[in-house]
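> Sequence and predicted structure below; questions after.
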Amino acid sequence: MPVSKREANAILSSLSAGVVPRSGLRHVAVGRLREIAAIKQDLDRIREGGATVRFVVGRFGSGKSFMLQLARSYALENKFLVADADFSPEHRLYGSDGQARATYRELMKNLSTQTRPDGNALPAIIERWISGVQAEVSTKQGSAAGASEFTEAVKTSIMATVNGMEELVHGFDFGIVLNAYYQGYIEGNDALKSSAIQWLRGEYNTKTEAREALDVRSIIDDDNYYDYLKIIARFAHDVGYAGFLICLDEAVNLYKITNSTARNNNYEKVLSILNDSLQGRTGYFGFIFSGTPEFLEDQRRGLFSYEALRSRLSGSRFVTDKMRDFSGPVLSLPPLTAEEIYVLLQKVRDIHRETVPQSRALEDAAILAYMEDSLRRIGAKEFATPRDLVREFVNLLNLLAQYPEKTWQEIVSGLPAPMSAHDDSEEPTEQLSEGNQDPLDRFTDFKVK
Amino acid sequence: MTDESAFDRLAPFVREFIYAQSWEGLRPIQSEAIQVIFDTQDDLLITAGTASGKTEAAFLPILSLIHTDAVGSVRVLYVGPLKALINDQFQRLEILCHEGDIPVHRWHGDVSTEHKSELIEKPGGILQITPESIESLFINRTEKLRRLFGGLRFIVVDEVHAFLESDRGVQLRSQLERLSAYPSSGRPRRIGLSATVGDYEAAKRWLNPHNPEHVRLINPSGITVPTRFSHLHFATNSADIPPELIDDLYVLTKNRKSLIFCNSRRDVEVVTSELSRRCQRDGLDERFLPHHGSVSKEIREDAEARMKDQHRPTSVVCTNTLELGIDIGQLDLVVQIDSTHSVMSFIQRIGRSGRRPGEPRTMQIYTTELSPNPGDSFYERIPFSLLQALAVTDLFLEGWIEPPLERTRPYNVLYHQVLARLVETHGSSPRDLVGFFLGSKVFPGVKPDDYADLLKHLAQIDHIEQMPDGDLILGLAGERIARSRDFYAVFETPPEWDVLHGTRTLGRISPSPDLLPGTCLLLVGRVWEVKQVLQDQKQVLVAPAKEARNVMFAGAGVPEIHPKIGQRVRELLCRDDVLRYLSPRGQMALAEARKLSDQFNLGKKEMFETDHQWILFPWTGSRAARTLQIMLKQNGMDADFPQMFFPWVIGIKRTPELKDLRSKLQQVLNTTITPADVVSSIPVELLRIHKFDEFLPDALLRSRAIVEWIDWEEARTVLMRLSQE
């Protein structure tokens, strides 16, 4: 599929800023075939009513966020409900001061479907569900739906769905709020509808307010938000989605929590999510966390500092670089191979050539030489990240377009091309410094051990 | 081991740090150090020039090894010669330590009590410290030592070369031995970092006196450092620094950052004021600052701070006070006015420049020489000042350095450590005390009898006393010494004596063993004869000398000259090569000196007869020359150094009794004279030149002088050569 101009520009500007483009990923995806297959397998399991947890582990810039975006776009294409959020000091899994609810709110804000890929899909999901139920009822009853009879039938059908959730913790309150929304829907009461949405998005701060507006006893808070996520997953399935996928990036921010009690509380939450999925206590629900190796493996502060997590997550001792295990919850991203980076840079070059007016065709040999140059630094094999390489490469291409007289080597080295040496053949007879002559010129060079 | 495989062995946070620093690769010394530290249990000595990545070579593998278990005890002791050796390099490492959650502590006089108690409460990581602060820990925190150092694994000594010859070096070695008793896991490994040293075996012995063969040496061979020289030579008619030299220096340095080394404080003052006058003339702001021992601390620190400001051209004119690692930022060049006395000092000074990667070390040398008068003897026409500078440069270019003078009998430090040890152990039986020092091998030249003499003497002066059960504890006088703040340091600025002519103070000099009535000394530009030495008042009374005779050779405080430099001066006189870095006037002066040497056959002949004296050319070092002078005088010959600062010409007065000098010298060689006889003629007060010397018995002071003040073997070799010519 050819890349559109709009997509190409978005890709180039994202890459040159070192961030993952939100769309058009497939144009720059390289390698990672087995990792992608593993994610797809997860999505299949979720669709079948299972629950999965993945940890995508890699260094800064190794492509974790890219993997997450890729997973997100596959999931959306396959009719999943997807929500994503980045951890930060204010966004955690556990918090006593609203940090967990903040994560929940972020997830709800970014809740997306295939038709609403940019977030804020909650009202649309509910409306779509209601209109779906209405259509179903009207098909069953024929079009002769007398208003009140029809409304009752729809309500019964809705209650059936809602009642199905009551077995879940907090399912009862969730049902009340959905009912309130439906009430507002049929009464044309927008205030009631928006109160229900606000409540579902975790925006109510006190129970009193919630009770006054919706006649519900609870609100979504730091302690119960995870239960509501499980309800949404179930709801997603019940209303016709394939499942609910949650992507949580920048998990290193949990690792960075300096208070060990707070850190362990967060890890405990990770453990309960993991246990729920392993023990089949949730369904139609998937999590992908992404973080750096220290977030996972550090024995003092990482997930591995929590023994229960370490035993569940540490890789099989049979795993080697050549033979990796894609069935365990940890998906560690190895550095891209040189070939993959080469292909990636070629793709970027091609997009650039087709998009930027003065773009100069950097031939393949030059790309290779550029890569060699970038990878020569010590530690580059281990630490040079696709993000850095691509960002610098896009910037190089941009500079080449703006300075047609310069070669890429000149730009990379920051040095001008060698010029003929300044010739000063006149022999100074008096060595003493005088006038404008720089006394340093009289110095003699030696090589000394 | 290849770069990459060495790299792979480092801990992940260290590897990531290296990558983030954008290094081209590991340097060979770093790869090698990683291998030694990971694969062996040996000690390690890394010698390489400044800015060679030594500190990282040691710390990358060390941090990789300790980071999983960094707290619970200090793991690494980092000892440096300066109170605030917090140079650029360690600042970079501090980021790394932070990444690895490895605490870094400092302990010295300026560190607050809270920080200190934090270390005591939660010991861990790296402790940066000086020998004086280690001593203070031993004295004041005796009961915490096991807690602090129970899990110590590494001791890193920075700038080992600065410790090799000094009293502090002896103190530090003794401390390391004392410290090694605390870790439960056994003796911590020692890693020495050093600029190039003249004798690697001596440096290994310094680091590990018990098993020097278990010290691995990393000494990058074949690595050359780009170096730039220029040498300008001036003939003058007065003792002052010629104005054209100052003019050239001014143009060279006014828009650069430089260190300008002079050999005397007086020169520092003169050069600074002359340069500043020129700044005023040209309307430039102040940019030349003086820095030497007599300048107050505030002014010195201000100069150091201003040097660090990279955006202003500033030069500091200094004596050797800035030779060692005080961090003064990046320099464009170093200037040396008149020759250094040693290649070591030359290396230290030139090494202050060229610290940015790829930048050459750069030194401008200036020498001056009094133009000879028409009636001067031939030896007075040899430009020794120029020749000494050329010899030092020549040896430097060859890669030669003076071997360190190993301190075998530093009794003053032994005194200090005896007191310190008694405090640390809360008293000790004489057997344990002496046994500890004998076993430590820190004082290899001190015999068991010497310990007995020292302890007896200390008991007499109440510095120690014996309990009824036989244990030794501090005496009351000893307690006062050990409990004073002044006790931690074994060095002090050398005591200075006033030189008086009538009621006028001419200046100050350091006392030295050859400061005797009848000798001459040089001060404020003229020669004075010593009339009286008042030891108690620390005063020297002088009168203008009628003729320069018995000129005393460089007293304490003036560095010794190694025999090799004298030999190289002679070789330079006999060679016919062109020294490219030398100015035309210098070339001319050298050519004339070579002609003179040729004419008098200085390459072969070492003894000349004139009407009233013999002139000898011993071509040796200052200690041997001094020894020769004493031996000759003890045998009735009136010997002196007519060339004052240079130990390469000895004059012996002709007397009616002395007809045949050669057979007389032969006679001296055949007598049963011993080194002890040589030092016996020196008044013992003049041998008290180090801290705590006043508490030592006379016999030990003389015993030390035998190995430190004279050079018996070399003197006899020279004497033999002269008598057989």
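It's in.
> for the nearest residue to A:Arg376 once chain neighbours are set aside, what are its contacts?
Closest residue in space to A:Arg376, ignoring its immediate chain neighbours: B:Glu24 at 7.7 Å, by CB to CB, 6 or more residues apart in numbering or on different chains. The C-beta positions use only the backbone N, C-alpha and C, and glycine is treated the same way. Counting by CB atoms under 8 Å, 6 or more residues apart in numbering or on different chains, B:Glu24 touches A:Arg376, A:Arg377, A:Ile378.
> Of those residues, which is the most crowded?
Among the contacts of B:Glu24, A:Ile378 has the most neighbours (other CB atoms under 10 Å in any protein chain shown), with 21 neighbours.
> Now name the helix or strand holding that residue.
Element membership for A:Ile378, per DSSP states H and E: none, as it lies in no helix or strand.
> Tell me the buried residues in the helix or strand where A:Arg234 lies?
Assigned by DSSP H and E, A:Arg234 belongs to helix A:225-238. Using 16 or more other CB atoms under 10 Å in any protein chain shown as the test for burial, helix A:225-238 gives A:225-237.
> what do you get for stretch B:369-381?
Within stretch B:369-381, the residues that count as buried by 16+ other CB under 10 Å are B:Glu369, B:Tyr379.
> quick one: terminal-to-terminal distance for that stretch?
In stretch B:369-381, first residue to last residue: 10 Å (CA to CA, to the nearest Å).
> How about stretch B:66-82?
End-to-end span of stretch B:66-82 (CA to CA): 25 Å.
> Just give the nearest non-adjacent residue to B:Pro517, would you?
Closest to B:Pro517 by CB to CB, 6+ apart is B:Val530, at 5.3 Å.
> packing partners for the helix or strand where the one you found lies?
Using DSSP H and E, B:Val530 maps to strand B:526-534. Contact partners of strand B:526-534 among helices and strands, from 3 or more CB pairs under 8 Å, 6 or more residues apart in numbering or on different chains; DSSP states H and E: strand B:520-523, strand B:539-544.
> Which strands border it, and is each parallel or antiparallel?
Its sheet considered, strand B:526-534 pairs with strand B:520-523 (antiparallel), strand B:539-544 (antiparallel) by DSSP bridges.
> Look up how far A:Asp445 lies from B:Thr227.
Look at B:Thr227 and A:Asp445: by CB to CB, to the nearest Å, they are 7 Å apart.
> can you list residues touching both of these two?
B:Pro360.
> Now do B:Gln348 against A:Gly95, distance only.
On the measure of CB to CB, B:Gln348 and A:Gly95 end up 58 Å apart.
> what do you get for B:Phe7?
With CB to CB as the criterion, B:Phe7 and A:Gly95 are 40 Å apart.
> What of A:Ser311?
26 Å.
> neighbour-wise, which of these two wins?
Using other CB under 10 Å as the criterion, A:Ser311 and A:Gly95 rank with A:Gly95 on top: 21 against 9.
> burial of the residue in the stretch 201-350 of chain B positioned nearest to chain A, as a residue count?
The stretch 201-350 of chain B approaches chain A most closely through B:Thr224 (3.7 Å), counting by CB to the nearest CB. Number of residues near B:Thr224 (other CB under 10 Å) recorded here: 11.
> how's chain B carved up into domains?
B:3-218, B:227-398, B:411-484, B:497-544, B:606-724 (automatic domain parsing).
> Any chance of those domains in a markdown table with distance to A:Thr208 and mean pLDDT as columns?
Shown next, in a markdown table, are those (distance: least, CB to CB, whole Å; pLDDT from 0 to 100):
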| stretch | distance to A:Thr208 | mean pLDDT |
| --- | --- | --- |
| domain B:3-218 | 46 | 88 |
| domain B:227-398 | 63 | 85 |
| domain B:411-484 | 70 | 93 |
| domain B:497-544 | 87 | 75 |
| domain B:606-724 | 80 | 90 |
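> out of these, nearest to A:Phe287?
When the domains of chain B are compared by CB to CB, domain B:3-218 sits nearest A:Phe287, at 26.3 Å.
> picking up where we left off before, quick one: the domains of chain B as a markdown table, columns for distance to A:Lys40 too.
A markdown table is the format used below for those (distance: least, CB to CB, whole Å):
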| stretch | distance to A:Lys40 |
| --- | --- |
| domain B:3-218 | 31 |
| domain B:227-398 | 50 |
| domain B:411-484 | 70 |
| domain B:497-544 | 85 |
| domain B:606-724 | 79 |
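> Go through the ones you listed and name the closest to A:Gln279.
domain B:3-218 (33.6 Å).
> Off-centre distance for that closest one?
Centroid separation for domain B:3-218 versus its chain: 22 Å, with CA atoms, centre = their mean, to the nearest Å.
> Can you name the residues of the stretch 101-250 of chain B that neighbour chain A?
Proximity of the stretch 101-250 of chain B to chain A, by CB under 8 Å from any CB of the partner chain, involves residues B:101, B:196, B:221-230, B:232, B:244, B:247-248.
> between these, which is nearest B:Arg173?
Using CB to CB, these come closest to B:Arg173 at B:Thr196, 20.7 Å.
> For the residue of chain A found nearest chain B, list the residues it contacts.
Residue nearest to chain B within chain A: A:Gly379 (3.3 Å; CB to the nearest CB). Going by CB under 8 Å, 6+ apart, A:Gly379 touches B:Phe7, B:Arg15, B:Glu16, B:Ile18, B:Tyr19, B:Trp23.
> try B:Val74
B:His105, B:Leu119, B:Pro123, B:Gly124, B:Gly125, B:Ile126, B:Leu127, B:Leu148, B:Phe149, B:Gly151, B:Leu152 are the contacts of B:Val74 under CB under 8 Å, 6+ apart.
> What sits closest to the second one if chain neighbours are left out?
Think B:Leu119. B:His105 is the one closest to B:Leu119 (CB to CB, 6+ apart), at 4.6 Å.
> Double-check that the one you found belongs to a strand.
Yes: judged by DSSP: H, G, I helix; E, B strand; the rest coil, B:His105 forms part of a strand.
> what does the stretch 51-200 of chain A put close to chain B?
A:Arg59.
> And the helices in the stretch 51-200 of chain A, which stretches?
A:64-77, A:99-109, A:122-141, A:147-166, A:171-187, A:190-200 (DSSP state H, counting those that start in this stretch).
> would you turn those into a markdown table with mean neighbour count?
As requested, the helices of the stretch 51-200 of chain A are exported to a markdown table (neighbours: other CB atoms under 10 Å in any protein chain shown):
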| stretch | mean neighbour count |
| --- | --- |
| helix A:64-77 | 22 |
| helix A:99-109 | 21 |
| helix A:122-141 | 16 |
| helix A:147-166 | 15 |
| helix A:171-187 | 19 |
| helix A:190-200 | 18 |
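> averaging pLDDT over each of these, which comes out lowest?
When the helices of the stretch 51-200 of chain A are ranked by mean pLDDT, helix A:147-166 comes last with a mean of 80.
> Tell me what angle that one forms with helix A:225-238.
Counting by axes from the mean of the first three to the mean of the last three CA atoms, to 10 degrees, helix A:147-166 lies at 130 degrees to helix A:225-238.
> Need the CA coordinates for helix A:147-166. CSV is fine.
C-alpha atoms of helix A:147-166 as CSV (Å, rounded to 0.1, in the frame of the first residue of the first chain):
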residue,chain,number,x,y,z
ALA,A,147,-43.3,3.2,22.0
SER,A,148,-43.7,2.0,25.5
GLU,A,149,-43.6,-1.7,24.6
PHE,A,150,-40.5,-1.2,22.5
THR,A,151,-38.8,0.8,25.2
GLU,A,152,-39.6,-1.9,27.8
ALA,A,153,-38.3,-4.7,25.5
VAL,A,154,-35.1,-2.7,24.9
LYS,A,155,-34.7,-2.1,28.6
THR,A,156,-35.2,-5.8,29.4
SER,A,157,-32.5,-6.7,26.9
ILE,A,158,-30.2,-4.1,28.4
MET,A,159,-30.9,-5.3,31.9
ALA,A,160,-30.0,-8.8,30.7
THR,A,161,-26.6,-7.6,29.8
VAL,A,162,-26.2,-5.5,32.9
ASN,A,163,-27.4,-8.3,35.2
GLY,A,164,-24.9,-10.6,33.6
MET,A,165,-22.3,-8.3,35.1
GLU,A,166,-23.6,-8.2,38.6
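> list the helices and strands it packs on?
Using 3+ CB pairs under 8 Å, 6+ apart, the elements in contact with helix A:147-166 are helix A:122-141, helix A:171-187, helix A:225-238.
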